[in-house]
Structure formats: structure tokens, C-alpha cells
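> This is the structure alone, sequence omitted:
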């Protein structure tokens with residue numbers, strides 16, 4: 001035979017299988033080209049199906065036999081090791097694919113060479129292909145399968161990059177068109193008023209909790225004095241630092257708006273919509289604060 005048409009390993013396998021033939025290989029030529037191609041397609045698909053079934057059986061057999069016994073069984077039945085390996089590779093590929101892709105492969109008219117070439121593509125890549133991709137591969141020559149898979153994956157990556165770019169463009173457009181006015185006032189001013197209420201609500205809750213702890217620390221004199229002093233020192237320095245920052249903030253405001261800032265009874269009135277907005281934001285911040293506080297207590 002002309003062994004230069006295939007690799008040495010395949011040539012050896014083919015020669016081995018020819019040697020196992022016990023009868024004349026009888027082939028009846030069809031009357032037309034269409035009939036010939038129909039038979040070729042039938043035999044190619046049946047060959048792949050038989051190889052896949054054979055591979056599944058061989059995988060099970062290999063798992064059930066001790067080391068070395070599997071090769072002995074192949075030799076006893078005159079099955080070439082390369083033939084068995086190829087069948088198991090096809091079975092592994094099919095078993096590793098999601099069910100919907102296995103079903104898809106079963107109805108595609110892919111010939112044996114195409115499917116064998118698919119076994120050389122990483123399973124992770126095959127899992128990312130969709131039905132349309134497999135239909136494209138069914139129309140691709142066997143030698144170009146791997147390149148076609150690479151082209152499909154690049155096309156997929158390009159689409160993902162384009163989608164990400166579109167999302168970024170939309171985000172930039174949203175930022176560009178961000179409203180400058182809320183509740184008939186500049187957004188910056190509205191945010192300051194909202195944050196003032198939300199932040200002091202959180203601070204007030206923390207302060208109430210701290211005052212309760214301080215009361216318990218001062219009244220519970222049965223505890224070790226050194227430990228109480230240590231806790232008192234931490235509390236004192238922590239709140240003294242906050243007190244200093246509050247004093248600095250109030251001095252800055254008084255210096256800039258002296259004569260304009262009135263008592264608490266003269267605070268500007270919020271509209272109903274603005275109060276609803278503030279309440280929504282405050283509740284969100286309070287929930288976030290409580291969740292973080294609870295997570296710290298669990299740790």
C-alpha cells in the first residue's frame with residue numbers, strides 16, 4: 001500500500017487491520033454519483049457512531065480491569081491499540097460535552113474526519129460553541145476544523161469586546177447627561193442636605209450605643225480596673241477625635257456663613273418629594289450600617 005498518504009502510526013494500524021480481514025472485501029458500486037455519496041455519508045456517520053459506542057465500552061472495560069489486563073484483552077481480540085485509543089478519545093469528547101451539544105452532533109452530517117479533528121480541540125473550547133457554530137463546522141472541511149473553531153472563538157471575543165465597549169459608551173453617556181438640578185436646586189446642594197441627615201442619623205445611633213456602653217462601664221465596678229481603664233481610654237480617644245473633627249467643621253461653617261446660619265427651629269423646609277428621597281436614602285444607609293455591624297459581631 002502507499003504508506004506515504006498517512007502518518008506511520010496510521011499506516012501501521014491500517015496494515016494491521018487489513019491483515020485481520022478473513023474474507024474478501026466486497027463493494028458494489030452505485031449507479032449514480034448521488035447514490036455513491038449517500039452511501040459514503042451513511043458509512044461515515046455509522047463509522048463514527050460505531051467508534052463512539054466502541055469507545056464507551058472500552059472506557060468501561062478499562063475501568064473494570066487491573067493494570068495490563070486491558071491491553072491483553074485487546075491483543076486477544078486482535079484490536080489495534082491505536083484503534084482503541086481513537087475510539088476512546090471520541091467517547092471522552094462526547095461524554096465531556098453538555099447534553100445539548102451531544103444531541104446537536106448526533107443530527108449533524110459531519111464525516112468521520114471532521115469529528116476526529118474535533119477531538120483535537122480542547123473540551124473547554126467546544127463547550128463555548130453554540131448550535132450555530134456547530135452548523136458552521138458541519139460545512140467545514142476536516143483539515144480546516146481547528147482553524148474554523150479558532151475563527152469562531154475570535155469572532156465571539158470580538159463581539160464580547162464590542163458589547164463591553166457599547167456598555168462603556170452608554171455609561172459615559174449617562175454620566176455626561178447626569179442631571180444638574182434636583183428638587184429645584186443644584187444636585188450638589190441637594191446631596192449635601194441629604195447626606196447631612198443620613199450621616200447624622202448613623203452617628204446618632206452609634207453615639208446612643210456608645211453612651212449605653214459608657215454607662216455600663218462606669219457602673220459595673222466589679223470588673224477588673226485595668227481592663228475598664230483600657231476600654232475607657234479607647235472610647236475617650238475615639239470620640240475625642242470625632243469631637244475635634246466636628247468642632248473643625250462647625251468653625252469652618254460659622255466662619256463662612258456667620259450671620260446667616262440660624263437655629264435648628266429655622267432649618268429650611270424640605271418638599272414632600274425631597275423628604276421621601278431622604279428617607280429612602282437614609283433607610284438604605286441604615287440597613288447597610290446594620291449589616292456591616294452585624295457582620296463584625298459575627299466575626
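That came through, no problem. This one's a predicted model, so the numbers in the text were calculated from it and none came from an experiment.
> Going by C-alpha atoms from here, please, whenever you check contacts or count neighbours.
Noted.
> Show me what secondary structure element comes after the strand or helix carrying residue 75.
Residue 75 is located in helix 69-76, with elements delineated by DSSP states H and E. Counting by DSSP H and E, the element after helix 69-76 in chain order, helix or strand, is helix 81-96.
> That next one: how far from the chain's middle?
With CA atoms, centre = their mean, to the nearest Å as the basis, helix 81-96 stands 29 Å off its chain's centre.
> Would you mark the buried spots in that helix?
For helix 81-96, the neighbour count (16 or more other CA atoms under 10 Å) marks 83, 84, 86, 87, 88, 89, 90, 91, 92, 93, 94 as buried.
> Equivalent analysis for stretch 220-236, please.
Taking 16+ other CA under 10 Å as the criterion, stretch 220-236 shows residue 232 as buried.
> what's it in contact with?
The contact list for stretch 220-236, computed with CA atoms under 8 Å, 6 or more residues apart in numbering, reads 214, 217.
> and if you look at stretch 54-65?
The contact list for stretch 54-65 (CA under 8 Å, 6+ apart) reads 70, 84, 85, 86, 87, 88, 89, 90, 91, 92.
> what about the first one, distance to residue 76?
For residue 70, the distance to residue 76 (CA to CA, to the nearest Å) stands at 10 Å.
> quick one, which of those two is more surrounded?
Neighbour count, other CA atoms under 10 Å: between residue 70 and residue 76, residue 70 has more, with 17 against 9.
> residues in contact with that one?
61, 62.
> what mean pLDDT does the helix or strand harbouring residue 125 have?
Assessed by DSSP H and E, residue 125 sits inside helix 123-128. Average pLDDT, helix 123-128: 70.
> So what's the residue count around residue 212?
With other CA under 10 Å as criterion, residue 212 counts 11.
> if I look at it, how far off is residue 232?
From residue 212 to residue 232 the distance is 13 Å (CA to CA).
> what's the answer for residue 126, then?
In terms of CA to CA, residue 126 sits 64 Å off from residue 232.
> go on, residue 64?
Using CA to CA, we find residue 64 at a distance of 71 Å from residue 232.
> and the protein, what are its domains?
Domain assignment for the chain, taken from automatic domain parsing, gives 3-160, 181-298.
> Single out the most deeply packed of those.
domain 3-160 (a mean of 14; mean count of other CA atoms under 10 Å).
> which stretches of this structure form helices?
With DSSP state H as the definition, the chain shows helices at residue ranges 8-20, 33-64, 69-76, 81-96, 99-107, 112-118, 123-128, 131-138, 145-176, 187-219, 225-256, 272-298.
> looking at these, which has the lowest confidence?
helix 99-107 (a mean of 62).
> And the residue sitting nearest the centre point of the chain, how close does it get to residue 27?
Ranked by distance to the mean C-alpha position of the chain (CA atoms, centre = their mean), the top residue is residue 128 at 12.2 Å. In this view, residue 128 and residue 27 are 41 Å apart by CA to CA.
> swap in residue 266?
As judged by CA to CA, residue 266 and residue 27 stand 105 Å apart.
> got it, and residue 68?
For residue 68, the distance to residue 27 - CA to CA - is 38 Å.
> can you check residue 272 too?
Distance, residue 272 to residue 27, using CA to CA: 91 Å.
> do the same with residue 77
Here residue 77 is placed at a distance of 25 Å from residue 27 (CA to CA).
> and what of residue 95?
Distance of residue 95 to residue 27, given as CA to CA: 34 Å.
> Residue 210 too?
Distance of residue 210 to residue 27, computed by CA to CA: 95 Å.
> Same question for residue 48.
Relative to residue 27, residue 48 is positioned 20 Å away (CA to CA).
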